[in-house]
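Participant: Model the structure of this input:
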Amino acid sequence: MSDQNEITSEEGVVNKQAFTTCAKCGLIIVGQFVRALCGTYHLDCFKCQDCGTVVAAKFFPIDGTDGKQYPLCERDYFRRLSLICEKCGGALRGSYITALEKKYHIEHFTCSACPTVFGPQDSYYEHDGQVYCHYHYSTRFAVKCTGCKTAILKQFVEINRNNIDEHWHPECYMIHKFWNVKLAAQMDDGPGSDDVLSPTEDVTPEKLKQQQKAIEEKVYNIWTVLSAFEEMSAACISDMLLHVSNGAYFEGVKMIEKFINHVDILFSAIDDLEVQLMQASGQGLQHNREAKMLCKKIVNFFSLLAHTQEAGVRKLGITQELLALVTGLAHYLKILIRIALTGALKLERDFNNPLAIGQFLNKLVELTKKEGKQTLDYSNVDSEITSDLCHVCRITVEEECYKYGHYRWHIGCLRCSGCSRELRTIYRDATFNQITEMSFCPAHTNEQAAHGYEYVTQLEQYTYLLRIELSRMYNLLKRKDEHSLSDYDDVRNGRKANKEEVGLIRKDSRSKSYSGGDKDKEYVSINTSDIKRMKSVVMDRKLSNSAKFAKTSRVIEQEQPNSPQTQDETSKDRLARAPSQHHVRIIDDKTPDSQTSDARKFDLENEAITLADISAIAAAEMSEEKSKKKLHRVSRSKLYLSELSGLEYFIVRHVAVLLLEQYVKDHFSLEELLDLIGSKKTTLWTKFVQQIRPKEVPVKKKGTFGVPLEVLVERYGIDSVLGAGPGRIRVPSFVDDSISAMKTMDMSVEGIFRKNGNIRRLKDLSEAIDRNPSAVNLSEDNPVQVAALMKKFLRDLPDPLLTFKLHRLFIVTQRLPKDTDRKKVLHLTCCLLPKANRDTMEVLFIFFKWVASFSHVDEETGSKMDLHNLATVITPNILYSKSKDPIKDESFLAIEAVHSLLRYQDDFWVVPEDLATVLRDQDLINNLERLTPKDIMKRCENLVKLKQSQSSNTNNNHEDEFSEDFVKISSENYPYPTQVNQGGESHDSNLHASSSSLVNEISIPVEQRAS
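Facilitator: This is a model prediction of the structure:
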């Protein structure tokens, strides 16, 4: 760039030889001139190459296509470098902002609706290519969070539910997934009502920002505090399970001690909320049954340990009873967390109490202060002198009561010893004589009696009873094991234990357990990758961000030194010397720290287990223990049916048919089996039968109830995390919603899934869900009602969950003489189900098995719905035939089939080993697109024949040789169709079909491909 090119006047006498010609026009220069770019120019000839403006005062050189340099004005030079302000059109000198792929002067980067200038540390928002400030984006365009109904201005999660895109704050999404709670009140304003916020004229930008910041802080605190509380509780249960199962009973009791402390803190928080709700509305929280069931589970755990001590069991292992206990502990604690959270939200929303949530969370934060300290005060809970009996009636006190020291009274038992007057209304003024152990009203008191009666809530009494049981358990362990006695005394006396002693918690025993009977035996630990895989609730969605930050850059000019003078230059040349030139360099400024420090980032790497994972972890450990006993079983990674692609599932179904033939050949021909998956050969007779067959009644295509399962999955499907595999599984949203709702309810209610619920309510709910599935909150109903609604959904399916076609095959499985054959055929039959049916069955049956764990909590409590009872009430809704002939009633066999599916389901969710062998053939998988269905079927048939010819003791090396032979088998004529048209007709073809023909065949529903 030239700041001032030399302009020379014609003063003085100049020789003709000194005259020069203009480098632009070629004419002699007379008058003022410019010397630049290695040439001399008339003043008017030295113009910008692009716009023609005279640039004698200031120019920027640019190289032309002919190798020469040409001048440019400042604007055109910066335009060629894309350094033009989008707003004013001027060149960008110094600092500038880059946003939305456009550049602005610092002072010109403003909101499109107001003059707000964005600084380098300020966030901006974009809508339809325009830039908006926080206030105008919030009030005009911001999408509302589905959970809290406030504007989404930072990170968000987008999910498609019922073909509607929902947007969530990450914390709101996880709160809903963990505890099925939406922070905003449930509203039904019709579709589209929650898309954007309405403008508010009376809210200033600063006030709006403060309101949104307060909501953000509240949501963040709810998520962080509750999730941390749940993870700590889950860690206690997990460690307790591992210690007890491996025989380290003393360590297991220490873990349950920590868990009781968690329960104590939560109960105290619920009591505080109860008082506030009673004062505000006269109605408290509905928590009595859940709290009682949680305490019963803990007491049952103590009973189990006491039994093992009396029986002298050194290593308990993970039994079904222990599995049910830890599952119940996790479930009821999770329900109580949800009850407390909904109570705090109710106080805030309905009774304008903004402090309720903060007080509730602060109560839970107390737990972190007690971690690592002695949690229980055993001086007040000495089982030798402390009794859980009423001081008057000598009956165990399990409700709210009064206490004085270690004495307890039922509410109705506290009476004056002088006049028998009830003291419940004046218990604060009543007195107690510790010598005579008598209570007195103010009128009959004496000098030896003293005040000190205290009211004890029901939850406080529950905690007190748990502490007594814990103290008794420690005493039992002391009597049984002198080694545990010394450890116990060390803990109680506060002495530091020896790190090398067996049976004490150390830093490295977080997820381990020790069998105290064998000092040389190592801890048995859970694989942490399995824990991560089994996590039932994780952030399984991609995070996006609404707020954007502009990039700040600077334009820096660097001066190029002038060329040195030569000795031949004249005096005129020295006066007209070319000025120095400048080059432009762009430097990007660093991102301000405030952009990352102020904005919280959601933690996606949290691998801690939660209460929802306990059941899966325990079940996996029990399954692993059983598999270890089978030494002949080869260890292989599981391949889940839900993870298969469409082509792989196509292969699995056809190979399953071929394998089934040898087991059911007395009941089915091969053609009949192929007809079950729609691959039966079409003959002239079958075509004639299809033409004269009466048309089927059209099925319902709208709504949720009575709609085919595959239509529901396509229209109202959701990627659920409730399957057995590590990935998500596509099921109808109603199934996912109903299971999620019932997992927050008490499943020990007697007769769940057996009782029919309220018929009118069932009708209203089904109609409401048919109108708008997202408008119904199933958590507001009781578990019996939701279970009845789920049965109605299954009963109304046009084709049952286990399908009409496979009904006969399921019945035949129960007529096979050998148990191993029945299980094998059931497994293969599951592989024949259409994908939508199989995936939905997987999610439902996993849930049913979980429900069965609450069948017997104790001798008096429980749903009484074990696996067989569940099979009895569920089977009529999922497995039945079209025939109504009472002579052919096969309902009992159907029940046994479903019971077996429920019982052995963990094995049925994975690909059978024989079928997995095919999928491990990389040559077949890699060449699927070049093979016709006929080729695949022929290869599968030869595979089955070779497998059957092998001996039962074939080792893994033979399997590799077998795979090579299998690949070499050439395709031969096969008597079954290779192509299916849209009308469902099949025909033979000897031509190789393209890869698209196979895909088209698989994409057609099985019902249309069937003959």
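
Participant: Spatially nearest residue to Gly343 (excluding sequence neighbours)?
Facilitator: The spatially closest residue to Gly343, leaving aside those adjacent along the chain, is Leu273, at 4.4 Å (CB to CB, 6 or more residues apart in numbering). Quick note: C-beta positions are derived from backbone N, CA and C, even for glycine.

Participant: Asp858 now?
Facilitator: Nearest non-adjacent residue to Asp858, counting by CB to CB, 6+ apart: Lys296, 5.6 Å away.

Participant: Look up how far His856 lies from that neighbour.
Facilitator: From Lys296 across to His856, the span is 11 Å (CB to CB, to the nearest Å).

Participant: For the stretch 251-400 of the chain, give me the ranges with low pLDDT.
Facilitator: For the stretch 251-400 of the chain, applying pLDDT under 70 flags the ranges 368-386.

Participant: mind listing the strands for the stretch 1-150 of the chain?
Facilitator: Using DSSP state E, counting those that start in this stretch, the strands of the stretch 1-150 of the chain run over 33-36, 39-42, 60-63, 69-72, 94-99, 102-105, 123-127, 130-132.

Participant: Ala324 against Lys849, yeah?
Facilitator: No. With contact defined as CB atoms under 8 Å, Ala324 does not count as touching Lys849 (11.1 Å).

Participant: who's more crowded, these two?
Facilitator: Ala324 (21 against 17; other CB atoms under 10 Å).

Participant: which residues touch that one?
Facilitator: Ser853, Phe854, His856 (CB atoms under 8 Å, 6 or more residues apart in numbering).

Participant: does it sit in a helix or strand, and which one?
Facilitator: Assigned by DSSP states H and E, Ala324 belongs to helix 320-351.

Participant: Would you mind listing the buried residues in that helix?
Facilitator: By 16 or more other CB atoms under 10 Å, the buried positions in helix 320-351 come out as 322-348.

Participant: Report all helices and strands that the longest helix anywhere in the chain contacts.
Facilitator: Ranked by number of residues, the top helix in the chain under DSSP state H is helix 205-245. Applying 3 or more CB pairs under 8 Å, 6 or more residues apart in numbering; DSSP states H and E, one finds that helix 205-245 contacts helix 134-140, helix 170-179, helix 249-281, helix 320-351, helix 356-370, helix 614-629.

Participant: can you do 10 Å?
Facilitator: Applying 3 or more CB pairs under 10 Å, 6 or more residues apart in numbering; DSSP states H and E, one finds that helix 205-245 makes contact with helix 134-140, helix 170-179, helix 249-281, helix 288-311, helix 320-351, helix 356-370, helix 614-629.

Participant: give me the number of residues near Phe753?
Facilitator: Number of residues near Phe753 (other CB under 10 Å) recorded here: 25.

Participant: cool, Gln49 as well?
Facilitator: By the measure other CB under 10 Å, the count of residues near Gln49 is 19.

Participant: Spatially nearest residue to it (excluding sequence neighbours)?
Facilitator: Closest to Gln49 by CB to CB, 6+ apart is Tyr70, at 4.1 Å.

Participant: Show me what that neighbour bridges to in the sheet.
Facilitator: Taking DSSP bridges as the rule, Tyr70 bridges to Ile62.

Participant: Would you tell me which of the helices and strands packed on helix 205-245 gets closest to Glu158?
Facilitator: helix 170-179 (9.9 Å; CB to CB).

Participant: Restricting to C-alpha, output that closest one in CSV.
Facilitator: Output in CSV follows, covering the C-alpha atoms of helix 170-179 (Å, rounded to 0.1, in the frame of the first residue of the first chain):
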residue,chain,number,x,y,z
PRO,A,170,-29.6,-32.2,29.2
GLU,A,171,-30.4,-32.0,32.9
CYS,A,172,-34.1,-32.0,32.4
TYR,A,173,-33.8,-35.0,30.0
MET,A,174,-31.9,-37.0,32.6
ILE,A,175,-34.2,-36.0,35.4
HIS,A,176,-37.1,-37.3,33.4
LYS,A,177,-35.2,-40.5,32.4
PHE,A,178,-34.1,-41.2,36.0
TRP,A,179,-37.3,-40.4,38.0
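
Participant: Find me the pLDDT at Tyr249, would you?
Facilitator: Model confidence at Tyr249, given as pLDDT, is 86.

Participant: Could you count how many residues lie near the closest residue to His134 other than its chain neighbours?
Facilitator: In space, and not counting its chain neighbours, His134 is closest to Lys209: 6.2 Å by CB to CB, 6+ apart. Lys209 has 15 neighbouring residues, counting by other CB under 10 Å.

Participant: Pretty sure Lys209 sits against Tyr137.
Facilitator: No. Look at Lys209 against Tyr137 with CB atoms under 10 Å: they stay out of range, at 11.7 Å.

Participant: who touches both of the two?
Facilitator: Listed as contacting both Lys209 and Tyr137 by CB atoms under 10 Å, 6 or more residues apart in numbering are Leu153.

Participant: thinking again about what came up before, show me whatever sits in contact with both of Ala324 and Lys849.
Facilitator: Residues within reach of Ala324 and of Lys849 at once, by CB under 10 Å, 6+ apart, are Ser615.

Participant: about what we covered before: of all the strands of the stretch 1-150 of the chain, which lies closest to Ile651?
Facilitator: The closest of the strands of the stretch 1-150 of the chain to Ile651 is strand 123-127. By CB to CB, the value is 47.4 Å.

Participant: Can you tell me the strand partners of the closest one and which way each runs?
Facilitator: Strand 123-127 is paired, per DSSP bridges, with strand 130-132 (antiparallel), strand 548-549 (antiparallel).
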